[in-house]
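Undergrad: Coordinates only, no sequence provided:
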């Protein structure tokens, strides 16, 4: 965005990026998705879901910039927004290192904001994370009916790896493979990690499917969101993983 006027109206199609912008300059947000739950009480027009935004409503809000993500949002929706004459900034975040760069690109380069202190704090928190004493192999479901798990090349997989958890399906050809439950239970996993999003796994819904494995129930926001939550994520996730039973 170098050489362009800093935007005054931003529509965010990604919950993580909504929280990131809101933590720096909430007045910029002209529209967000129905799934943008943080910060709590955000009073901004809603434009539909991440996978089905109302393109006409987004255009009617007359944003200077739309921020999106190549995984969260569909190419056809992004093309429709561009066809409506809107500027769309699309991020790719599959590792923590990518997250640092893309957050700076959105906030500083895209929105014209000063680099936030929380971004430096997040980088420091992860950089100073002690090396794990031992590595555990885990299956990480993200959906059931059918069962889907983390596969290759995912942000959550990189986060877990830095906490000493090796994703059993990290080398799978698919990023989110469908794996039958009996195969998940008969593999070499020592642990099952159950986030509460996109599927809302809980103590009553998930662990019972893996009777032979300790289960770690983790916050999907801390596992999969890239924004201010990354400051607390190392400690929160490490505690949840340590409590697996």
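TA: That came through fine. These numbers come from a predicted model, not from an experiment.

Undergrad: need the helices for the protein, in chain order.
TA: In the chain, the segments counted as helices under DSSP state H are 15-24, 55-60, 75-83, 96-104, 117-127, 155-162, 181-186, 220-224, 233-242.

Undergrad: Please identify which of the ones you listed is closest to residue 144.
TA: Closest of the helices of the chain to residue 144 is helix 181-186, at 8.3 Å (criterion: C-beta to C-beta). All C-beta spots, glycine's among them, are computed from the backbone N, C-alpha and C.

Undergrad: List the buried residues in that closest one.
TA: Neighbour-count burial for helix 181-186, with 16 or more other C-beta atoms under 10 Å as criterion, is recorded at residue 184.

Undergrad: Any regions of this structure where pLDDT drops low?
TA: Across the chain, the ranges flagged by pLDDT under 70 are 1-4.

Undergrad: Quick one: closest of the helices of the chain to residue 44.
TA: helix 15-24 (8.3 Å).

Undergrad: Need the residues that contact the closest one.
TA: Contact with helix 15-24 is made by 10, 12, 28-29, 32-33, 35-39, 42, 50, 67, 69, 91, 93, 103, 106-107, 111, 113-114, 116, 118, 224-229, as judged by C-beta atoms under 8 Å, 6 or more residues apart in numbering.

Undergrad: what's the offset of it from the middle of its chain?
TA: The chain centre lies 12 Å from the centre of helix 15-24; the measure is C-alpha atoms, centre = their mean, to the nearest Å.

Undergrad: what do you get for stretch 30-42?
TA: Between the mean C-alpha location of stretch 30-42 and the chain-wide mean there is a distance of 15 Å, by C-alpha atoms, centre = their mean.

Undergrad: same thing with stretch 216-233?
TA: From the chain centre to the centre of stretch 216-233 is a distance of 8 Å (C-alpha atoms, centre = their mean).

Undergrad: Buried residues, that stretch. List them.
TA: Burial within stretch 216-233, assessed by neighbour count using 16+ other C-beta under 10 Å, is assigned to 216-231, 233.

Undergrad: now stretch 131-139
TA: Of the residues in stretch 131-139, those buried under the neighbour-count criterion (16+ other C-beta under 10 Å) are 136, 138-139.

Undergrad: Just put the residues you listed in JSON lines and tack on distance to residue 176.
TA: Written out in JSON lines, the entries for the buried residues of stretch 131-139 read as follows (distance: C-beta to C-beta, whole Å):
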{"residue": "136", "distance to residue 176": "21"}
{"residue": "138", "distance to residue 176": "15"}
{"residue": "139", "distance to residue 176": "13"}
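
Undergrad: Leaving aside the residues adjacent along the chain, what's closest to residue 217?
TA: Computed as C-beta to C-beta, 6 or more residues apart in numbering, the closest residue to residue 217 that is not its neighbour in sequence is residue 194, at 5.3 Å.

Undergrad: Count residues in the vicinity of that neighbour, would you?
TA: Using other C-beta atoms under 10 Å, the number of residues around residue 194 comes to 27.
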